[in-house]
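Student: Prediction below, plus the sequence it came from.
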Amino acid sequence: MARLILLIAVVAVIYILLRRARSMPPQKRRAEYIKLGLGIALVATILLAATGRMNWLGAAFTALLVAARQGLPLIIRLFPMLASLRQKHTASGGQGSTVETALLRMQLDHDTGNLEGEVLKGSFQGWRLADMDRQQLEQFFAYCCSEDNDSVQLLDSYLQQRFPGDGGFSRQQDSPPSNHSLGRSEAFAVLGLDENASREEIIAAHRQLIQKLHPDRGGNDYLAAQINRAKDVLLG
């Protein structure tokens, strides 16, 4: 009877931890699943030791070693290819800008013009916008509308890029201008520059970005305004 109660308790804890892992942002789930797997392995080891069945664990460990030995040549052949792909991915990373509001942090790739964002507050805290489906984005958009106008406009920039020509979101086109004061460190981040950048580098970065994001060229009003503000802050 005691063993049955212990087993039920263990299953209940595993279920709770599994639900917790599933509720986390997708990019953090893998680490939680690994922790959960290690925890299950530890509990299984303790139970086997308590019931005198450690020989099962030894057999399982032996089978794992055999499988690893057989798969090692394949891993060795694949490793150079994986390393090469990783190097190409790293090399492709260009210069980028970062714009942050109370609820959202957005990165702009200067080479491609692609936007990527991360939620900083609310029920989707820690989530990447790319991992959120339309319904989740609508929920977060509604939350932004009730909390922070800057976040509404920044999220709108991402939505226009991800859902071009889609009027399904209730966007605030006539929202009042931002009252958020931009600090020097934030201004450098907006332009994608190091804080030791020269005046010429600031001017060049501003020119490059504004050419891509100016509303007259199909860009975004809010991001263009932030880029202009960053230049004003740094150059006075």
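Tutor: Received the coordinates, thanks.

Student: so Leu155 sits right up against Phe141, yeah?
Tutor: Yes: with contact defined as Cβ atoms under 8 Å, Leu155 reaches Phe141; the gap is 5.9 Å. Every residue, glycine included, has its C-beta placed from N, CA and C.

Student: With neighbour numbers in mind, choose between these two.
Tutor: Under the criterion of other Cβ atoms under 10 Å, the comparison of Leu155 against Phe141 puts Leu155 first, with 28 against 19.

Student: which stretch of helix or strand covers the more buried one?
Tutor: Taking DSSP states H and E as the definition, Leu155 sits inside helix 149-162.

Student: Keeping just the C-alphas, turn that helix into CSV.
Tutor: Taking C-alpha atoms only, helix 149-162 is exported to CSV below (Å, rounded to 0.1, in the frame of the first residue of the first chain):
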residue,chain,number,x,y,z
ASN,A,149,1.0,53.0,-26.2
ASP,A,150,4.6,52.6,-27.2
SER,A,151,4.3,48.9,-27.1
VAL,A,152,1.2,49.0,-29.3
GLN,A,153,3.1,50.9,-32.0
LEU,A,154,6.2,48.7,-31.7
LEU,A,155,4.1,45.5,-31.9
ASP,A,156,2.2,47.0,-34.8
SER,A,157,5.5,47.3,-36.7
TYR,A,158,6.0,43.6,-36.3
LEU,A,159,2.4,42.7,-37.2
GLN,A,160,2.5,44.8,-40.4
GLN,A,161,5.6,42.8,-41.5
ARG,A,162,4.3,39.4,-40.5
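
Student: Would you indicate which residues of it are buried?
Tutor: 149-160, 162 (16 or more other Cβ atoms under 10 Å).

Student: which helices and strands does the helix or strand that comes right after it pack with?
Tutor: With elements assigned by DSSP H and E, the helix or strand that comes after helix 149-162 is helix 184-191. Under the contact criterion of 3 or more Cβ pairs under 8 Å, 6 or more residues apart in numbering; DSSP states H and E, helix 184-191 touches strand 96-100, helix 199-213, helix 221-235.

Student: Go again with 6 Å.
Tutor: strand 96-100, helix 221-235 (3 or more Cβ pairs under 6 Å, 6 or more residues apart in numbering; DSSP states H and E).

Student: how many degrees apart are the last one and helix 199-213 in direction?
Tutor: For helix 221-235 against helix 199-213, the angle by axes from the mean of the first three to the mean of the last three Cα atoms, to 10 degrees is 170 degrees.

Student: got it, and the first one?
Tutor: With the same axes, to 10 degrees applied, the angle from strand 96-100 to helix 199-213 works out at 80 degrees.

Student: quick one: strands adjacent to strand 96-100?
Tutor: strand 104-109 (antiparallel) (DSSP bridges).

Student: The closest residue to Tyr158 other than its chain neighbours bridge partners, please.
Tutor: Among residues not flanking Tyr158 along the chain, Leu115 sits closest, at 4.9 Å (Cβ to Cβ, 6 or more residues apart in numbering). Taking DSSP bridges as the rule, Leu115 bridges to Leu108.

Student: Now do Leu115 against Leu159, distance only.
Tutor: 10 Å (Cβ to Cβ, to the nearest Å).

Student: One more: Thr98?
Tutor: Taken as Cβ to Cβ, the span from Thr98 to Leu159 is 19 Å.

Student: before we move on, what about Glu116?
Tutor: Counting by Cβ to Cβ - Glu116 and Leu159 are separated by 13 Å.

Student: Likewise for Ser181?
Tutor: Applying Cβ to Cβ to Ser181 and Leu159 gives a distance of 26 Å.

Student: repeat for Gly236
Tutor: Distance from Gly236 to Leu159, by Cβ to Cβ: 34 Å.
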